[in-house]
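[1] Got a predicted model here, sequence first, then my questions.
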Amino acid sequence: MTKQSNRGKNRALAQWVAEAAQLTKPDRIVWCDGSEEEKRRLTQEAIASGVLIALNQAKRPGCYLHRSNPNDVARSEHLTFICTPDKDDAGPTNNWAPPEETYAKLRGWLAGAMRGRTMYVVPYVMGPLKSPFSKVGVELTDSLYVALNMRIMTRMGQAALDLLGDGGEFNRGLHSILDLDPERRLICHFPQDNAVWSVGSGYGGNALLSKKCFALRIASYLGRAEGWLAEHMLILGLESPQGETTYIAAAFPSACGKTNLAMLLPPPAFKGWKVHTVGDDIAWLRVGPDGRLWAVNPEYGFFGVAPGTSTRSNPNAMKTVEHDTIFTNVAVTAEGDVWWEGMGFDPPKGLIDWRGQLWDPNSGKPAAHPNSRFTAPMTNNPVLSPKAEDPQGVPISAIIFGGRRASTVPLVMEASDWSQGVFFGASMGSETTAAATGQVGVVRRDPMAMLPFCGYNMVKYFEHWHQIASRLRNPPRIFQVNWFRKDREGAFLWPGYSENMRVLKWIVDRVKGRVGAEQTPIGLVPRKEDINLDGLEISAEQLRQATSIDPDEWRAELDQIEEYFKKLGADRLSDFQVRIEKARTALAKSG
Ligand code: GTP
Ligand code: SPV
Ligand code: MN
């Protein structure tokens, strides 16, 4: 056991650790302090026990590979529950279970579960130290992989205990991988107790309890009670050649482009423009004394999608993962380096696939799992914003909602006001991806990209968004984007990635009142001449298709949105129904 200066100071924490140990019966308890010495020791233990595989240290210093159980490669939404005394508090979109029965069931599963194992006590801070936004969590886990990932993803260790002091409030996360049996896998949230119990999975959002469980599901619940927002959003600063920086937050569903946009390298035509990453996945937003919306990134690292990441698509991510990175479920070359589909070069001979077997290029199966990931500290990112650690956060001038839609939704639209913007977000649809288990590529409604992450009643969440506006004297403008529209052959119409800068520029110009827009039945769109296409090879027809608003498609879309809101019981939010009717009337007029 490591020496600890003040782990016993918080009596509630000491008592809870003792209770959890009584239940799970670990052989050892290790309190993580976050030190370099501890990192070295735990990494060695992980290598010795096969949890991590050392990669080629000459090519990728400080980098390791983890192969998860093949039945445990993505978030399990069907096994994720919100446990509130009243079912209505979980609302129409969440799986619900009663708290007492759920605790009893999980206690049964957890009894003696850590026998022969170590329980890591992982204290962490979400948000910059000394920030009014920040909150403390403690995860108790029997997974060394989780402990090492939490060290990258959060401000982990002694700093959290110091911040907690002797009486502070903290999120209680209890995690055991049990035997990774999908039949005994559940991720349960108890918002009233500020607690998460997760069992039977060691993967990503199921197991790193700081991330989706605390920073989104529990935090969204706390945010409603306390008057702020916890959102599935990246945060970026866009600096002009004149040195003026505009901050933008953007909500896209899982594996729909947040990390890529947050690290964007502008194309040559945008000389002097710079993107600074504040966050790539989660934003905590508060109304400031100035009536603006201020945001922090509660995390400290990136848990990013590997496939599709290349020197061309995201050079800053490639630099971020050059060292001190844990890779999960990627392929490995004969030289001990990493490889994945879309890395920008052909797979070298002798590639080992994500399951640890020699890969057969003719197998038709990917070498890296489609949801393979990298865990890297945010300080590795060459374009990390100097404001990423600012306790006050950054002032948000624009919010973007975006989905993955092969049709219907144009490249970019602007809402005429906050309330239409809330409608944009609430009515958003997106094709499912490999980030969650289940069918990939089916369109589902995913309000504000929060469908799997809102910790309370979705209708109350929409109301909360409306209510925040009353305190915003200077609200951000709201936009909707779609990088993923396809032509008849199934090819993407818009080149995406760094070229998304062209859309960001229009957004900034709108915010600053420097450019006009055209009113359509659905929203405001750029006039042709307002999107800078210098240096971009795109045919006029391709651009027309990427930006078009097809009345028939939109009539069908509005029917689906209306039906969805009725299903949720959100149609009683009269504003939504009025918007649908208005759009229908405008579409009818436009022919
Ligand atoms: P989570 O971490 O799951 O929340 O994902 P994310 O929203 O951060 O998505 P990410 O940026 O990792 O991108 C997911 C996938 O979409 C990757 O395979 C990317 O290569 C691809 N992608 C990202 N941006 C674009 C784009 O502008 N156009 C196209 N066609 N693909 C993109
Ligand atoms: C997502 O699925 O939105 C992710 C990955 O960011 S996970 O941490 O698994 O939730
Ligand atoms: Mn995410």
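    Sure thing, it's come through. Residues are numbered from 1 along each chain as shown. Ligands and ions are numbered 1, 2, ... in the order given.
[2] For the stretch 401-550 of the chain, which residues are neighbours of ligand 1?
    With CB under 6 Å from any ligand atom as the criterion, the stretch 401-550 of the chain meets ligand 1 at residues 435, 483, 484, 492, 496, 497, 500. C-beta coordinates here come from the backbone N, C-alpha and C atoms, glycine included.
[3] From those, list just the buried residues.
    Listed as buried from those are 435, 483, 484, 497, 500; burial here means 16 or more other CB atoms under 10 Å.
[4] now the residues you listed as TSV including distance to residue 39, secondary structure and pLDDT?
    Supplementary listing: those in TSV, determined by distance: CB to CB, whole Å; DSSP: H, G, I helix; E, B strand; the rest coil; pLDDT from 0 to 100:
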residue	distance to residue 39	secondary structure	pLDDT
435	27	coil	95
483	37	coil	98
484	38	coil	98
497	33	helix	97
500	36	helix	98
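[5] Excluding chain neighbours, what is closest to the residue nearest the centre of the chain?
    In the chain, the centroid-proximal residue (CA atoms, centre = their mean) is residue 281; its distance is 3.4 Å. Leaving aside its sequence neighbours, residue 281 sits nearest to residue 258 (CB to CB, 6 or more residues apart in numbering; 5.9 Å).
[6] again, but for residue 463
    Going by CB to CB, 6+ apart, residue 463 has residue 573 as its nearest residue, at 7.0 Å.
[7] what do you get for residue 75?
    Residue 75 sits nearest to residue 205 (CB to CB, 6+ apart), 4.3 Å away.
[8] Any stretches of this structure with poor pLDDT?
    The model of the chain has pLDDT under 70 over residues 1-8.
[9] Mind listing residues that contact stretch 572-591?
    419-420, 422-423, 426-427, 459, 462-463, 466, 520-522, 551, 554-555, 558, 561-562, 565, 570-571 (CB atoms under 8 Å, 6 or more residues apart in numbering).
[10] Which residues of the stretch 351-500 of the chain lie near ligand 2?
    Counting by CB under 6 Å from any ligand atom, the stretch 351-500 of the chain sits next to ligand 2 at residue 435.
[11] one more time with 8 Å, if that's ok
    371, 373, 435, 436, 452, 453 (CB under 8 Å from any ligand atom).
[12] Kindly indicate which of the residues you listed lies nearest ligand 2.
    Within those, the smallest distance to ligand 2 is 3.6 Å, found for residue 435 (CB to the nearest ligand atom).
[13] hmm, back to that, state the number of residues packed around the residue nearest to residue 281.
    Using other CB atoms under 10 Å, residue 258 has 27 other residues around it.
[14] Begin at 28 from now on, thanks
    Okay, using 28 as the starting number, the last item reads as residue 285.
[15] Tell me who's in contact with it.
    Each residue near residue 285 by CB under 8 Å, 6+ apart is listed here: 259, 260, 261, 277, 279, 307, 308.
[16] For those residues, could you give me CSV that also reports distance to residue 442?
    Supplementary listing: the contacts of residue 285 in CSV, determined by distance: CB to CB, whole Å:
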residue, distance to residue 442
259, 19
260, 16
261, 19
277, 14
279, 17
307, 24
308, 23
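[17] Go through stretch 170-181 and flag the buried ones.
    Using 16+ other CB under 10 Å as the test for burial, stretch 170-181 gives 170, 171, 172, 173, 174, 175, 176, 177, 178, 179, 180, 181.
[18] Also stretch 430-445?
    Buried residues in stretch 430-445 (16+ other CB under 10 Å): 430-433, 435-442, 445.
[19] Which residues does the closest residue to residue 530 other than its chain neighbours form beta bridges with?
    Distances taken as CB to CB, 6+ apart place residue 439 nearest to residue 530, at 4.9 Å, with adjacent residues excluded. Under the criterion DSSP bridges, residue 439 forms beta bridges with residue 508.
[20] From residue 133, how far out is residue 439?
    Taking CB to CB, to the nearest Å as the measure, residue 439 falls 45 Å from residue 133.
[21] correct me, but residue 554 touches residue 546?
    No. Counting by CB atoms under 8 Å, residue 546 is not a contact partner of residue 554; they are 10.8 Å apart.
[22] Run through the residues that contact residue 453.
    Listed by CB under 8 Å, 6+ apart, the contact set of residue 453 reads 474, 475, 489, 492, 592, 597, 603.
[23] and what of residue 119?
    Counting by CB under 8 Å, 6+ apart, residue 119 has contacts 484, 485, 486, 594, 595, 596.
[24] That one and residue 218: what is the separation?
    Applying CB to CB to residue 119 and residue 218 gives a distance of 16 Å.
[25] got the residues of the stretch 128-277 of the chain near ligand 1?
    Residues of the stretch 128-277 of the chain found near ligand 1 (CB under 8 Å from any ligand atom) are 259, 261.
[26] Next, residue 402: phi, psi?
    The phi/psi pair for residue 402 (degrees, to the nearest 10) reads phi -110, psi 110.
[27] That one bridge partners, please.
    Under the criterion used here (DSSP bridges), residue 402 is bridged to residue 330, residue 353.
[28] Any idea how many residues pack against it?
    25.
[29] Just to be sure, the residue nearest to residue 102 is in a helix?
    Yes. Counting by DSSP: H, G, I helix; E, B strand; the rest coil, residue 232 is found in a helix.
[30] Tell me who's in contact with it.
    Neighbours of residue 232 in contact, by CB under 8 Å, 6+ apart: 102, 238, 239, 240.
[31] rerun at 10 Å
    101-104, 107, 214, 225, 238-240, 243-244, 281, 308, 330, 462-463, 479-480 (CB atoms under 10 Å, 6 or more residues apart in numbering).
[32] Need the buried ones from the residues you listed selected in PyMOL.
    To isolate the buried members of the contacts of residue 232 in PyMOL, using 16+ other CB under 10 Å:
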select buried, resi 101+102+103+104+107+214+225+238+239+240+243+244+281+308+330+462+463+479+480
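[33] Show me what the residue of the stretch 28-177 of the chain found nearest ligand 2 is bridged to.
    In the stretch 28-177 of the chain, no residue comes nearer to ligand 2 than residue 102, which is 4.7 Å away by CB to the nearest ligand atom. Per DSSP bridges, residues listed as beta-bridge partners of residue 102: residue 463.
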